[in-house]
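Novice: From the sequence below, what's the structure:
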Amino acid sequence: MNIHFIAIGGSAMHNLAIALHNKGYLVTGSDDTIHDPSKSRLEKKGLLPKEFGWFPEKITEQLDVIILGMHAKKDNPELLQAQDMGLKIYSYPEFLYEQSKDKTRVVIGGSHGKTTITSMILHVLDYNDMEVDYMVGAQLEGFETMVHLTKENEFMVLEGDEYLSSPIDRRPKFHLYKPNIALLSGIAWDHINVFPTFEGYVNQFRIFTDSLTDGGIMVYNEEDAILKEVVESSTHSIKKYEYSTPVHQIDDGVTYIDTPDGLMPLEIFGDHNLQNLAGAKWVCQHMGIDEEDFYEAIASFKGASKRLEKIAESSETVIYKDFAHSPSKVKATTEAVKKQYAQRDVIACLELHTYSSLNAEFLAEYNGALDKADKAVVFYSPHAVKIKQLDSVSEQQISNAFQRDDLIIFTNPTEFKEFLFSQNLDQSAVVLMSSGNYGGLDFEEIKQLV
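Specialist: Model (predicted):
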């Protein structure tokens, strides 16, 4: 099969390109810019475009399939050429479904935790020598790519994102997978540029629930009241299995989970991660992994990349970075760090970086998100607000949104860095939350703080 990628350099797209190349397909692609790690990984496989830009002449009758990435625009010259020629154009999720429609599809969705849960499942399956196809939204330790496709594997494990499929396909990605087994971790309003009302956002999860195959299995977090109502009110002919936070205890900075064989120490912590673990266990059991084998494997799970990832530690100080940026994720991460390190001062730093987080109308959703931190810091770039063509956001608006009189706010990356390096971090736990990098913060340099 001859496949061409329009916008091959994206995190998801380049991984799919490599997976299809590894499967033996002829793969080409274009993009207007490609950064590392995508660039070096594509180059290693001989898939890096010779020059950046869009070239309609690359679109020929010899192509069997076009895969269109979200980075491309509707008026992309290569896309217009493919449409004029009547070539088959797939979105990323649409093509993944085509690759897995004869397999048992396991889809992990929810506003938060889906990458971690998918990572947990893949870790357990790998530990137990069970080979599956997969697509996950983070680079996992021990896995070469974020996408793996074969002809022979029985299962396909998919992280199910609710964001749009492509510039010309406005359906949420997870609506296209038609799972046999699904999990939903929770619902908290996000992507307001696409779903301007909370009700509209919630409805995407109703549609997903009803998209399962007849007789399919839905695993869901019963502690999320909105999700519980969505799943339990569905009249679709599916089996429903709820989960909740498992019994556990914390001793000297280590979380122990209660298992049939007694207390077992974990590498991860936080109620949200314990819920993730409980959900992953249900899914793994439905895939044929017994409970004892699950616990043995999960004991060594250290977390997905950038999800409460420990970047430095000494006897006095620990520093984490976390992808958290939406209000529910920020709240869960901050509370988890404080609960794990109850005797330490918690310094919680948040970068407002996404379209939703920089939207003045959405800011109120952050009320209380940093309450558990002993010192709460918010960084945002007024330049990023302009780039996203949003109304300007003032420091006073941010302060009012978080409802903390002692909130520290920075708009200058140099001043934020100077603040970090001036702190006395004895008996402290620091968490840096962002989907960005605080205007160019070097996380390797941060290790010098401990």
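
Novice: The helix or strand residue 15 falls within - contacts with which helices or strands?
Specialist: In the assignment (DSSP states H and E), residue 15 maps to helix 11-22. On a contact count with 3 or more CB pairs under 8 Å, 6 or more residues apart in numbering; DSSP states H and E, helix 11-22 meets strand 2-6, strand 26-30, helix 38-44, helix 92-100, strand 133-135, strand 147-148. In this view, the C-beta of every residue, glycine as well, is placed from N, C-alpha and C.

Novice: Other residues contacting it?
Specialist: Contacts of helix 11-22 with the rest of the structure, by CB atoms under 8 Å, 6 or more residues apart in numbering, involve 3, 5, 7-8, 27, 29, 34, 38, 41-42, 45, 47, 67, 69, 71, 92, 95-96, 135, 137, 145-149.

Novice: that older thread, okay, the helices and strands packed on helix 11-22, which one's buried deepest?
Specialist: strand 133-135 (a mean of 26; mean count of other CB atoms under 10 Å).

Novice: Let me see the mean pLDDT of that one.
Specialist: Strand 133-135 carries an average pLDDT of 96.

Novice: Show me how far that strand is from its chain's centre.
Specialist: 15 Å (CA atoms, centre = their mean, to the nearest Å).

Novice: A helix includes residue 328, no?
Specialist: Yes. Counting by DSSP: H, G, I helix; E, B strand; the rest coil, residue 328 falls inside a helix.

Novice: Distance check, residue 195 against residue 179.
Specialist: According to CB to CB, to the nearest Å, residue 195 and residue 179 sit 21 Å apart.

Novice: Show me which strand runs longest in this structure.
Specialist: Longest strand in the chain, counting residues (DSSP state E): strand 345-352.

Novice: Put the alpha carbons of that strand into CSV.
Specialist: In CSV, the C-alpha atoms belonging to strand 345-352 read as follows (Å, rounded to 0.1, in the frame of the first residue of the first chain):
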residue,chain,number,x,y,z
ASP,A,345,5.8,22.5,51.7
VAL,A,346,4.2,22.0,48.3
ILE,A,347,5.0,24.6,45.6
ALA,A,348,2.6,24.1,42.8
CYS,A,349,3.4,25.9,39.5
LEU,A,350,1.0,26.1,36.6
GLU,A,351,1.5,27.4,33.1
LEU,A,352,-1.7,28.6,31.4
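
Novice: Neighbouring strands - and their directions - for the helix or strand that that strand is followed by?
Specialist: Following strand 345-352 in sequence order, the next helix or strand is strand 375-380 (DSSP H and E). Strand pairing for strand 375-380, using DSSP bridges, gives strand 345-352 (parallel), strand 408-410 (parallel).

Novice: Is it possible to get CSV of the ones you listed that adds mean pLDDT?
Specialist: Supplementary listing: those in CSV, determined by pLDDT from 0 to 100:
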stretch, mean pLDDT
strand 345-352, 95
strand 408-410, 96
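
Novice: Of those, flag the one that's most buried.
Specialist: Among those, ranked by average contacts under mean count of other CB under 10 Å, first place goes to strand 345-352 (a mean of 24).

Novice: Quickly note the distance from residue 376 to residue 413.
Specialist: Residue 376 is 18 Å from residue 413, by CB to CB.

Novice: Looking at these two, which has the bigger crowd around it?
Specialist: Taking other CB atoms under 10 Å, residue 376 and residue 413 do not tie; residue 376 has more neighbours (21 against 16).

Novice: rewinding a little: going by neighbour count, list what's buried in the helix holding residue 15.
Specialist: 12, 13, 14, 15, 16, 17, 18, 19, 20, 21, 22 (16 or more other CB atoms under 10 Å).

Novice: how about the strands in the stretch 101-250 of the chain?
Specialist: For the stretch 101-250 of the chain, the strands defined by DSSP state E, counting those that start in this stretch cover 104-109, 133-135, 147-148, 155-159, 164-166, 169-172, 181-184, 217-221, 239-243, 248-251.

Novice: Any chance of TSV for these, columns distance to residue 275?
Specialist: Below are the strands of the stretch 101-250 of the chain laid out as TSV (distance: least, CB to CB, whole Å):
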stretch	distance to residue 275
strand 104-109	13
strand 133-135	21
strand 147-148	26
strand 155-159	17
strand 164-166	27
strand 169-172	23
strand 181-184	11
strand 217-221	6
strand 239-243	7
strand 248-251	11
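
Novice: Nearest to residue 281, out of these?
Specialist: Of all these, strand 239-243 sits nearest to residue 281, with 7.7 Å by CB to CB.

Novice: partners of that closest one, with directions?
Specialist: Partners of strand 239-243 in the sheet, by DSSP bridges, are strand 217-221 (parallel).

Novice: residues contacting the nearest residue to residue 95 once chain neighbours are set aside?
Specialist: Spatial nearest neighbour of residue 95, chain neighbours left out: residue 67 (5.4 Å); criterion: CB to CB, 6 or more residues apart in numbering. Residue 67 makes contact with 3, 4, 5, 6, 13, 16, 89, 90, 91, 92, 95, according to CB under 8 Å, 6+ apart.

Novice: Check residue 437 too.
Specialist: Neighbour list for residue 437: 351, 443 [criterion: CB under 8 Å, 6+ apart].

Novice: What's the separation between it and residue 306?
Specialist: Counting by CB to CB, the gap from residue 437 to residue 306 is 11 Å.

Novice: how about the closest residue to residue 33 other than its chain neighbours, what does it touch?
Specialist: Closest residue to residue 33 apart from its sequence neighbours, by CB to CB, 6+ apart: residue 52 at 5.7 Å. Neighbouring residues of residue 52 by CB under 8 Å, 6+ apart: 31, 32, 33, 34.
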